[in-house]
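**Student:** Okay, sequence plus prediction incoming.
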Amino acid sequence: MADTQTKRAFKWEPVIDHGILILGALMMILPIVIALTTASQPDVQIIKEGLSFQIGDQLDDNISSALFTQGGFSGEITGMLMLQNSMILGIGFAVGKIIIGMMAAYAIVYFRLRFATFAFWIIFTTLLLPLEVRIMPSYEVVQGMGLTNTYTGLILPLIASATATFFFRQFFLSVPEELVEAARIDGAGPVKFFIDILVPLSRTMIAAMFIIMFVFGWNQYLWPTLITTEEHMYTLVRGIRQIIQDQDGATIPQFGRGIMLAMLAILPPVLIVVFFQSWFVKGLTESDK
């Protein structure tokens, strides 16, 4: 009996697609692996040989040193303290920007303001003004109010977000008008409608905005550099260099400790993105309410 089954043609497209994905993943992971293996080497060997692909015996010591050993010019700053400052800055940025963005979008969409659309586009055009453009007047205001070296000075001047306002506006516009009418019939006022209906509906969008704004706040360097002059207020991104350098320069640079601090600086944003990626994608793509 003749074989009636035809051989399936081999498709190269999946192989090429997976090959590109694997190559991209390796390009992203390889620098981190090299940094970890290098951080496991003694500082003297790092100075002599540079980057290393071999695992040494100093990894535990460098992790403990990065987290708990005091350093910097004052001799008091630790990695844990800088981690705490970065966490406060990241969460403060995220929560503040979400609250301000939601309130601004709520006013633009649901209140009958004569210049609501014009006000929205004015807010939206601030995206064209990066921090570097307005950093000097912002610094003058913060310094005049005596908010340097404070969490308030780090967070408050930058919590207004045109990005959050834009996304929440688009989200609120997609809420069915029947829901608004039903809430009005039930006697829900503006505050009750916002808190009891819009906020629960916006939970996926809030999660997506939280990830974006947390990473933005966590990675801030220029603004903390201007506002914080005392080492106990340094963030990780701001203070990695200060914590590993010696005032007189007579000791060997602690490269292993510095690399571990850099690894510590990228860990919280990566964990947040990994654990909340489904909420992130859903918040930016879903349209059904």
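**Tutor:** Yep, it's here.
**Student:** check which helix or strand covers the spatially most central residue of the chain.
**Tutor:** Geometric centre of the chain, nearest residue: Val215, 0.3 Å, by C-alpha atoms, centre = their mean. Assigned by DSSP states H and E, Val215 belongs to helix 203-218.
**Student:** packing partners for that helix?
**Tutor:** Secondary-structure packing of helix 203-218 (3 or more C-beta pairs under 8 Å, 6 or more residues apart in numbering; DSSP states H and E): helix 79-110, helix 162-173, helix 255-275, helix 277-285. (Each C-beta comes from the backbone N, C-alpha and C, glycine too.)
**Student:** Spatially nearest residue to Gly92 (excluding sequence neighbours)?
**Tutor:** Using C-beta to C-beta, 6 or more residues apart in numbering and skipping the chain neighbours, the partner closest in space to Gly92 is Ile155 (3.9 Å).
**Student:** Surely the one you found and Phe93 touch.
**Tutor:** Yes - at 6.2 Å, Ile155 counts as touching Phe93 under the criterion of C-beta atoms under 8 Å.
**Student:** so what sits against both of the two?
**Tutor:** Gly217 (C-beta atoms under 8 Å, 6 or more residues apart in numbering).
**Student:** how close does Gly258 sit to Gly146?
**Tutor:** Distance, Gly258 to Gly146, by C-beta to C-beta, to the nearest Å: 33 Å.
**Student:** helix or strand right after the helix holding Val215?
**Tutor:** Toward the C-terminus from helix 203-218 - assigned by DSSP H and E - lies helix 222-227.
**Student:** Using CSV, write out every CA atom in that following helix.
**Tutor:** C-alpha atoms of helix 222-227 as CSV (Å, rounded to 0.1, in the frame of the first residue of the first chain):
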residue,chain,number,x,y,z
LEU,A,222,20.3,64.6,37.7
TRP,A,223,17.6,65.9,40.1
PRO,A,224,18.9,64.0,43.2
THR,A,225,22.4,65.2,42.4
LEU,A,226,21.2,68.8,42.7
ILE,A,227,18.8,68.4,45.6
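**Student:** which residues does the spatially closest residue to Pro269 that is not a sequence neighbour contact?
**Tutor:** Among residues not flanking Pro269 along the chain, Val215 sits closest, at 4.7 Å (C-beta to C-beta, 6+ apart). Contact partners of Val215, counting by C-beta under 8 Å, 6+ apart, are Gly90, Pro269, Ile272, Val273.
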